[in-house]
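Visitor: sequence first, then the predicted structure, then my questions.
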Amino acid sequence: MTSKKKTVLCSELLFNVLYEQRVLEDIQATDFIIASSNTINKKLTEDVYDQIISFNQMEKAEYQLKEVKSLALNVYGKSKEIYDDDISLVVNRDQLCPLRHEARRMLGDRTLFELDSFEGMIKIVEQGDGIALLPTNLKSLQTLVKLLEKNIHINYYVYERM
């Protein structure tokens, strides 16, 4: 007799951060479906999930909001000297990504370097070819420099199927 695995639909960025921070529970007994902010709503029409972890707020009768949490972010660069008007802002290509929107709001009219890869974004910043708004508690950012004095926070939402 086999038990059914829990299914979790999760934002790609949130999965990376929560997995590294060991926040995700019982990962061996869970099937994670990773999606961009742009495709989460589409995925909801295709299947039913036990839990949803997303930057997107939802109003679906079959899901109840369990928690509102916050993700700490900062603008990162290779060095403090790189923070000038000519350096590109590296953002996720996903038009609904809240980090993209917040980075553009904060950093204005910089040239954008758009990517579909979170790890690719980090690589570009590590090489000194851009700056990016990134989660603060990732081990992969230890070689980078925070460019803002204070972290900013963006909410994310955890929903459970009723």
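Guide: Happy to help now that I have it. Residues are numbered from 1 along each chain as shown.
Visitor: now for the longest strand anywhere in the chain, which elements pack on it?
Guide: Identified as the longest strand of the chain according to DSSP state E is strand 63-77. Judged by 3 or more C-beta pairs under 8 Å, 6 or more residues apart in numbering; DSSP states H and E, strand 63-77 is in contact with helix 98-107, strand 132-135, strand 145-146, strand 152-161. From N, CA and C alone the C-beta is placed, and that goes for glycine too.
Visitor: so what strands line up beside it?
Guide: Strand pairing for strand 63-77, determined by DSSP bridges: strand 132-135 (antiparallel), strand 145-146 (antiparallel), strand 152-161 (antiparallel).
Visitor: where's Phe32 relative to Gly128, distance?
Guide: Distance from Phe32 to Gly128, counting by C-beta to C-beta, to the nearest Å: 33 Å.
Visitor: domains in this protein, by residue range?
Guide: Following automatic domain parsing, one finds the domains of the chain at 6-70+157-161, 72-155.
Visitor: got the end-to-end distance for stretch 126-137?
Guide: End-to-end span of stretch 126-137 (C-alpha to C-alpha, to the nearest Å): 16 Å.
Visitor: buried residues in it?
Guide: Glu126, Gly130, Ile131, Ala132, Leu133, Leu134, Pro135 (16 or more other C-beta atoms under 10 Å).
Visitor: just give the nearest non-adjacent residue to the fourth one, would you?
Guide: I take that to be Ala132. Excluding its sequence neighbours, the residue lying closest to Ala132 (C-beta to C-beta, 6 or more residues apart in numbering) is Val90, at 4.1 Å.
Visitor: check contacts around the one you found.
Guide: Counting by C-beta atoms under 8 Å, 6 or more residues apart in numbering, Val90 touches Phe113, Leu115, Met121, Ile124, Val125, Asp129, Gly130, Ile131, Ala132.
Visitor: quick one: it is in a strand?
Guide: Yes: under DSSP: H, G, I helix; E, B strand; the rest coil, Val90 sits within a strand.
Visitor: ok, back up a step: mind putting the buried residues of stretch 126-137 into TSV with pLDDT and distance to Gln28?
Guide: Listed next are the buried residues of stretch 126-137 as TSV, based on pLDDT from 0 to 100; distance: C-beta to C-beta, whole Å:
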residue	pLDDT	distance to Gln28
Glu126	94	32
Gly130	94	37
Ile131	95	37
Ala132	96	32
Leu133	96	32
Leu134	96	28
Pro135	95	24
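Visitor: now the two most distant members of the residues you listed.
Guide: When C-beta to C-beta is used, the two most widely separated members of those are Gly130 and Pro135, lying 16.5 Å apart.
Visitor: brilliant, that's me finished.
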